[in-house]
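Student: for reference, the sequence and a predicted model appear below.
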Amino acid sequence: MSSHRSQSSRRKVTVSYVIRDKDEPRHRSGINSVKLNGKSRVLFTAGRDSIIRCWKVTDHAMSTNKDPYIRSMEHHTDWVNDIILCRGGKTMISASSDTTVKVWDTERGFCMSTLRTHKDYVKALGYAADKEMVASAGFDRQIFLWDVNTLTALTATNNTVTTSSLSGHKDSIYSVALNQAGTIVVSGSTEKALRVWDPRTCGKQMKLRGHTDNVKAILISPDGTQCLSGGSDSTIRLWSLGQQRCVVTYKIHEEGVWTLATNEAFTRFYSSGRDRQVFETDMTTDASGMLFREKNTVLKLELDDGNMDGSPSLWVATTDSSISRWPITNTTVASEKSSQSTDSPLPTPTQIAPSFTLSGSPGIVRHHVLNNKRQILTKDTSEQVALWDVLMAKKLEDLGKVDFDEETQKRFERVYVPNWFTADSRTGMLNIRLDGSDALSAWMIAKAIGLTDDDADDTRLNLGSLVLQALLEYWPQTHRILENGHENPLASSGKTDEAGQTQEVQRGNGYFSVARHTPVVFGESGDCGCALLRLQVGDAGNLQEGLLLDETVPPWITDAVIRKNPPAYLKIAFVLLPSTSVLKSLKRDRLSASDYLQVRKVCEHVYEKLFICEEMSGSGSRSEDSSSSRAERAEEKIEILCQDELLDLNMDLRTVKYFIWKSSSDLVLQYRLRLGQVGQGEQDKTGTLEKKVRPKSKTSTL
């Protein structure tokens, strides 16, 4: 027995956000699980886009143009792998790759509690209706047993529950099932065998061998005497649990069997998987027939006996974002025994098209982070290419059906920016993750980001800090109270104080905001890190969410958004030498500067030492030129080179080192006077530069 608590041990915390539309009424990726409430005629679909959706699937609704969509149930942060309905459909349990199991109120679409007992992907759920007991299993090789009535009594603040665990699997678990009475648990894994357990004692009963690959689907007869299993070895096996052996092997499919469904009497089953073919098999005669063929790999089958005309149908979920209902016609299945392997031609399906389809939306299947590290190109399932802004968390442009690779090459910029985020599109939407180890590594000039039109504005901005401040803009902890333009840390929020002074709440980063509906997730680091908190940007101002943020946000983020401490600059050491075309060998001058320093600043530094210092030594006074005029003079007179390549003045040092220098050793830059500027006097001045700029210490900072 183990005890589950809502507060997991504190580890390194990351933050991520999803760039998406405000409303997502359609799935964006494959659908892993389907469950139908036969009484209410509400269909629940669990998507790889992390969202569970509800649909009204009455015959009337499906025969009219009325949208069957009811609501989305959002709380998971990764694929939802399985769902089950309990307590007559009032409660739903879901399992996800975010390592959590969640308890839902289906009538309100509300997540009642989150169970964080698993330490890896949770792949499968089993349910015993008579006992209201649920089993959850996953890649952590553990099976946990839950009492549904206890789970429904949990709240967000009282989230402690006792669970039983079944331990003994040596590999990841992909399937689990219980009989109706809750006296038998059967699980399948990559061990290529089925394990049978007694949930009352948590003890192992037997191990059933026969499959030669992963066991992906399991069904148990209502009386608990028989079990069906489907495997990646393309076979389906019927087991006698009393005899502890396989009694029939069905060789129906050409590829792996990933899902099974059966009628209440356990006399017929339906199967499908990787080969996309859906078969019906009569277990009394062991004969099978193909019903239809889907366009994509089938992930889940749900039998629907509730049609008004009395004919059964199948709801079919695939790797596509749509879900279809196929009628099951009364046909005579093949007379050949399914357990016999034949070389007969492919069977002919009895149905060509589904009777109804819940259409999905295109999902992102490919993405490329542009080397400016601010934009991402994507391609979706409809071949549409789009451009996205990572900073502002929004779509910039729909580019249509263009060649993705060509568009990527066309948008290449010769600029290097540190990797300050990671992106993935496994949910069909863009998910951006920031990790404390590198999220604050990218500094840029405001002009280069496009946040100012002032050429003279050389404000330095940290990209990670900008995003964090925008994501937590509504969190009261990040707000500053200004009185007449000056910060007063003791002031309370409001428009005016007792003295009549104007008060203003300063929040965000001062440049841009992100959409209030943007989901933000704080989670433990690692590929299987548990999600600690999920909220929308606009909800951070709510009392409950604010308290949870106070407990969850790690120090590396509070430094950026509350204390506004600027992150450390990355430094680049470089050597500044006169060009060989101007002077012969001179001793090296080793400097250090922030990696985002632009070449024009190096140019100004050379000009300062070459001309201004010379004037001061001759006249004893500094020139009265403004900084802008000196910068213009510097650009007119000085050129900077690397590897004999003339550098663009807007290029920064990290770009020069990455694209031109291409070495881990100190960057070497050369300077020279522009053509037409070189005379004997200028050469003399250049010759004095090395003496003027030589630092007393080993390395000087530019």
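Tutor: Okay, I see it.

Student: contacts for whichever helix or strand residue 299 is part of?
Tutor: Taking DSSP states H and E as the definition, residue 299 sits inside strand 298-304. Applying C-beta atoms under 8 Å, 6 or more residues apart in numbering, the contact partners of strand 298-304 are 30-36, 38, 258-263, 270-274, 276, 278, 312-319, 325. C-betas here are computed from N, CA, C, even on glycine.

Student: all the strands of the stretch 551-700 of the chain, residue numbers only.
Tutor: 571-578, 589-594, 638-642, 645-646, 667-673, 700-701 (DSSP state E, counting those that start in this stretch).

Student: ugh, wrong one, I meant the stretch 51-200 of the chain
Tutor: Using DSSP E, counting those that start in this stretch, strands in the stretch 51-200 of the chain cover 51-56, 69-74, 80-86, 91-96, 101-105, 110-115, 122-128, 133-138, 142-147, 161-167, 173-178, 185-189, 193-198.

Student: the residue nearest to residue 150 when sequence neighbours are not counted: neighbour count?
Tutor: In space, residue 150 comes closest to residue 161 once its chain neighbours are excluded; the distance is 5.8 Å by C-beta to C-beta, 6 or more residues apart in numbering. Per other C-beta atoms under 10 Å, the neighbour tally for residue 161 reads 19.

Student: next: residue 443.
Tutor: 25.

Student: could you do residue 533 as well?
Tutor: Count around residue 533 with other C-beta under 10 Å applied: 17.

Student: please export the C-alpha coordinates of the helix or strand hosting it as PDB.
Tutor: Using DSSP H and E, the element containing residue 533 is strand 531-536. Provided in PDB are the C-alpha atoms of strand 531-536 (Å, rounded to 0.1, in the frame of the first residue of the first chain):
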ATOM      1  CA  ALA A 531       3.200  18.600 -14.500                       C
ATOM      2  CA  LEU A 532       2.900  20.600 -11.300                       C
ATOM      3  CA  LEU A 533       0.600  23.400 -12.400                       C
ATOM      4  CA  ARG A 534      -1.400  24.300 -15.500                       C
ATOM      5  CA  LEU A 535      -3.200  27.500 -15.900                       C
ATOM      6  CA  GLN A 536      -4.000  30.100 -18.600                       C
END
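
Student: you'd agree residue 447 is in a helix?
Tutor: Yes: Residue 447: assigned to a helix according to DSSP: H, G, I helix; E, B strand; the rest coil.

Student: tell me which of the contacts of strand 298-304 fall in strands.
Tutor: 31-36, 258-262, 270-273, 278, 313-318, 325 (DSSP state E).

Student: filter those residues down to just the buried residues.
Tutor: Buried members of these, scored by 16 or more other C-beta atoms under 10 Å, are 31-36, 258-262, 270-273, 278, 313-318, 325.

Student: now do residue 349, the pLDDT please.
Tutor: Residue 349 carries a pLDDT value of 85.

Student: then residue 3?
Tutor: 36.

Student: equivalent analysis for the one 10 residues further on, please.
Tutor: What the model reports for residue 13 is a pLDDT of 94.

Student: that one pairs with what?
Tutor: Residue 13 has the following beta-bridge partners by DSSP bridges: residue 524.

Student: run through the stretch 601-702 of the chain and note the low-pLDDT ranges.
Tutor: 612-628, 676-700 (pLDDT under 70).

Student: try it again at 50.
Tutor: Segments of the stretch 601-702 of the chain classed as low confidence (criterion: pLDDT under 50) are 680-697.

Student: and the chain, by the same measure?
Tutor: Scanning the chain for pLDDT under 50 picks out 1-9, 332, 335-337, 339-342, 489-496, 583-587, 680-697.

Student: so the most centrally placed residue in it bridges to which residues?
Tutor: Central residue of the chain (C-alpha atoms, centre = their mean): residue 431, 3.8 Å from the mean position. Beta-bridge pairing of residue 431 under DSSP bridges involves residue 18, residue 424.

Student: residue contacts, it?
Tutor: Contacts of residue 431 by C-beta under 8 Å, 6+ apart are 16-19, 423-425.

Student: now with 6 Å?
Tutor: Residues near residue 431 by C-beta atoms under 6 Å, 6 or more residues apart in numbering: 16, 18, 424.

Student: measure the first one to residue 23 for me?
Tutor: Right, residue 16. From residue 16 across to residue 23, the span is 21 Å (C-beta to C-beta, to the nearest Å).

Student: quick revisit: with mean neighbour count added, can I get the strands of the stretch 551-700 of the chain in TSV?
Tutor: Converted to TSV, the strands of the stretch 551-700 of the chain look like this (neighbours: other C-beta atoms under 10 Å):
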stretch	mean neighbour count
strand 571-578	19
strand 589-594	18
strand 638-642	21
strand 645-646	12
strand 667-673	20
strand 700-701	12
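
Student: export those to a markdown table and tack on distance to residue 528?
Tutor: Listed next are the strands of the stretch 551-700 of the chain as a markdown table, based on distance: least, C-beta to C-beta, whole Å:
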| stretch | distance to residue 528 |
| --- | --- |
| strand 571-578 | 35 |
| strand 589-594 | 36 |
| strand 638-642 | 44 |
| strand 645-646 | 46 |
| strand 667-673 | 40 |
| strand 700-701 | 43 |
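
Student: right, I'll leave it there.
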